[in-house]
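Visitor: What follows is a protein structure lacking sequence information:
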């Protein structure tokens, strides 16, 4: 199961706001999540941690997360925004005997994001997307490696400093597709120089920003991730779906060295990380890891870097 909400899609709300008509940008455009921008690259390291039901087996991983979108105006208020998103998880297996002789595994998540976005009024915004996805170890690719995901999201600016976000995301768990309801809000006191900002999309993330200078902000953040891959077996394990779910909590700092370019560094702990697999015969197994720590660094490019949205 992939991320329950695509950060990139929610982020397009803020991206398109930079090119939106002034009357829409003044209200709803200023009260949308500010994540991922035009393009982004992130790297995460999660520390080696033992499994609770098998303390001698340890797993760590490196994650590369990259993506980008191109906004194409259809009308003054409607945009088509094709994009591509890529995730690589490189798992390092220590004493995980079922995968001998493989002491590492790669799992890829690649999706084409086809989104339509519309400013319905100064107070309302709507987006809908369809995401054909390859979620796999890229070995012997077949129908099980493909997922057909989608979402619909609306945002309502009910005051000059707050907006409500709600919608539904279609996810996949093993062989079954199911809807996941989304709800969130953004609190951003009027003015770009406000000290405090709060934004959340549940069940994906919650974030609080504290602006300490025009080029620097501190933040607290919690996020939930979920991925499902089709993985070919090794050792004593047959071909199967592998699912990973985890929660990250921590703090970080963001810098804006030049307009349109953000650099973020954050880290903390993983209080929860769980693995589940189910093979073609519907046999299932799950295992949870003990608490671990992580470190993350990323770069976000906004349209302002190229002179747009100034």
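Guide: Sure, I can see it. What you are looking at is a predicted structure, and each value in this text was computed from that prediction instead of being measured.

Visitor: What's the mean pLDDT across stretch 283-296?
Guide: Throughout stretch 283-296, pLDDT has a mean value of 93.

Visitor: Counting neighbours, which bits of that stretch end up buried?
Guide: 287, 289, 292, 294, 296 (16 or more other CB atoms under 10 Å). No exception for glycine: its C-beta is placed from N, CA and C like everyone else's.

Visitor: Using TSV, lay out those residues together with distance to residue 68 and secondary structure.
Guide: Putting the buried residues of stretch 283-296 into TSV (distance: CB to CB, whole Å; DSSP: H, G, I helix; E, B strand; the rest coil) gives the following:
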residue	distance to residue 68	secondary structure
287	35	strand
289	32	strand
292	30	strand
294	24	strand
296	19	strand
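
Visitor: Give the rounded mean pLDDT of stretch 147-166.
Guide: 93.

Visitor: again but with stretch 196-209, I slipped
Guide: Averaged over stretch 196-209, pLDDT sits at 93.

Visitor: now for the helix or strand harbouring residue 277, which elements pack on it?
Guide: Residue 277 is part of strand 261-279, with elements assigned from DSSP states H and E. Judged by 3 or more CB pairs under 8 Å, 6 or more residues apart in numbering; DSSP states H and E, strand 261-279 is in contact with strand 39-51, strand 216-231, strand 240-258, strand 284-288, strand 292-301.

Visitor: which one of those strands lies closest to residue 86?
Guide: strand 39-51 (9.6 Å; CB to CB).

Visitor: Quick one: residues in contact with that closest one.
Guide: Strand 39-51 has contacts (CB atoms under 8 Å, 6 or more residues apart in numbering) with 8, 56-69, 92, 94, 270, 273, 287-301.

Visitor: hmm, which of the residues you listed are the buried ones?
Guide: By 16+ other CB under 10 Å, those give 8, 57-61, 63, 65-69, 270, 273, 287, 289, 292, 294, 296, 298, 300-301 as buried.

Visitor: circling back to that earlier point, run the angle between the strand holding residue 277 and strand 216-231 for me.
Guide: If you take axes from the mean of the first three to the mean of the last three CA atoms, to 10 degrees, strand 261-279 sits at 30 degrees to strand 216-231.

Visitor: now strand 261-279: mean pLDDT?
Guide: The model assigns strand 261-279 a mean pLDDT of 94.

Visitor: what do you get for stretch 69-79?
Guide: The model assigns stretch 69-79 a mean pLDDT of 91.

Visitor: For that stretch, which residues meet the burial criterion?
Guide: Neighbour-count burial for stretch 69-79 [16+ other CB under 10 Å]: 69, 71, 77, 79.

Visitor: And the first one, how close does it get to residue 40?
Guide: When you say that, I think you mean residue 69. Remark: distance between residue 69 and residue 40 (CB to CB, to the nearest Å) = 10 Å.
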